[in-house]
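Engineer: Give me coordinates for this.
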Amino acid sequence: MNLKYISIGALAIIAALFYFMSESSKATAERLKKAEISHQQRLEQNKIDEEKAKKSLEAQRIQTEKARALKAEQDKLNSQKQAKEFEQQQQVRIQSGIKKIEDKVKELAFDPTSTQFRNQKGNCGEVNGKNRYGGYTGFKKYIYSPETDTVSLESLDKFYTADVMQILWDAQCP
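Structural biologist: Okay, here's the model as predicted:
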């Protein structure tokens, strides 16, 4: 009888072992299944993160291109502004130079307030002024020499005749 109880006890222990092993296998299988699901979720999240990173990089690239284009446009505008300012400065210098030359020519005129100018280019031009009788003499060519700060005026004396002035004009005037 003892053997019967021992065999039943051994069977009960073996059954319990099988039961616990079975439960353990189920728990392990469940853990593995959860781990696999977790792994799949991580893979999917990694794909989503990768897509987000690609979109972010693309957005940064577009932003960089826009910034570069904006900078190029700003540089172009600045360059145009500087060119315009330079041109204005040149015009001021030219006007200042013309005014200086006009003043120098007016020093030779009988009536400086009546002088009229035309065809002014560089240091050359034409001037018309009144004579002692109050009539205009007609436009005469002049050439200003910045080196000597003098004006050569057509028909001022016998040396600067129309022919001589035309030769000087052709050589010195643009």
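Engineer: what comes into contact with stretch 22-40?
Structural biologist: Outside of stretch 22-40, no residue comes within contact range by CB atoms under 8 Å, 6 or more residues apart in numbering. In short, each C-beta sits where N, CA and C put it, glycine included.
Engineer: Buried residues of it, list them for me.
Structural biologist: By neighbour count on 16 or more other CB atoms under 10 Å, the buried set for stretch 22-40 is empty.
Engineer: any idea of the mean pLDDT for that stretch?
Structural biologist: On average, the pLDDT along stretch 22-40 is 87.
Engineer: Return the distance of it from the chain's centre.
Structural biologist: 63 Å (CA atoms, centre = their mean, to the nearest Å).
Engineer: next one: stretch 148-163
Structural biologist: For stretch 148-163, the distance to the chain centre is 51 Å (CA atoms, centre = their mean).
Engineer: now swap in stretch 119-138 and tell me
Structural biologist: The answer for stretch 119-138 is 48 Å, by CA atoms, centre = their mean.
Engineer: Using PDB, list the CA coordinates for it.
Structural biologist: What follows is stretch 119-138, C-alpha atoms only, in PDB (Å, rounded to 0.1, in the frame of the first residue of the first chain):
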ATOM      1  CA  ASN A 119      26.600 120.100 -75.800                       C
ATOM      2  CA  GLN A 120      28.600 119.900 -72.600                       C
ATOM      3  CA  LYS A 121      30.600 116.700 -72.500                       C
ATOM      4  CA  GLY A 122      33.500 116.200 -70.200                       C
ATOM      5  CA  ASN A 123      35.700 119.300 -70.400                       C
ATOM      6  CA  CYS A 124      34.200 120.500 -73.700                       C
ATOM      7  CA  GLY A 125      31.100 122.400 -74.700                       C
ATOM      8  CA  GLU A 126      29.600 125.300 -76.500                       C
ATOM      9  CA  VAL A 127      28.700 128.700 -75.000                       C
ATOM     10  CA  ASN A 128      26.700 131.700 -76.200                       C
ATOM     11  CA  GLY A 129      26.800 135.100 -74.500                       C
ATOM     12  CA  LYS A 130      26.000 138.700 -75.100                       C
ATOM     13  CA  ASN A 131      28.500 141.100 -76.500                       C
ATOM     14  CA  ARG A 132      28.900 144.800 -75.600                       C
ATOM     15  CA  TYR A 133      25.900 145.800 -77.800                       C
ATOM     16  CA  GLY A 134      23.600 143.400 -76.000                       C
ATOM     17  CA  GLY A 135      23.300 140.800 -78.700                       C
ATOM     18  CA  TYR A 136      24.200 137.200 -78.500                       C
ATOM     19  CA  THR A 137      27.300 136.200 -80.400                       C
ATOM     20  CA  GLY A 138      26.300 132.700 -81.300                       C
END
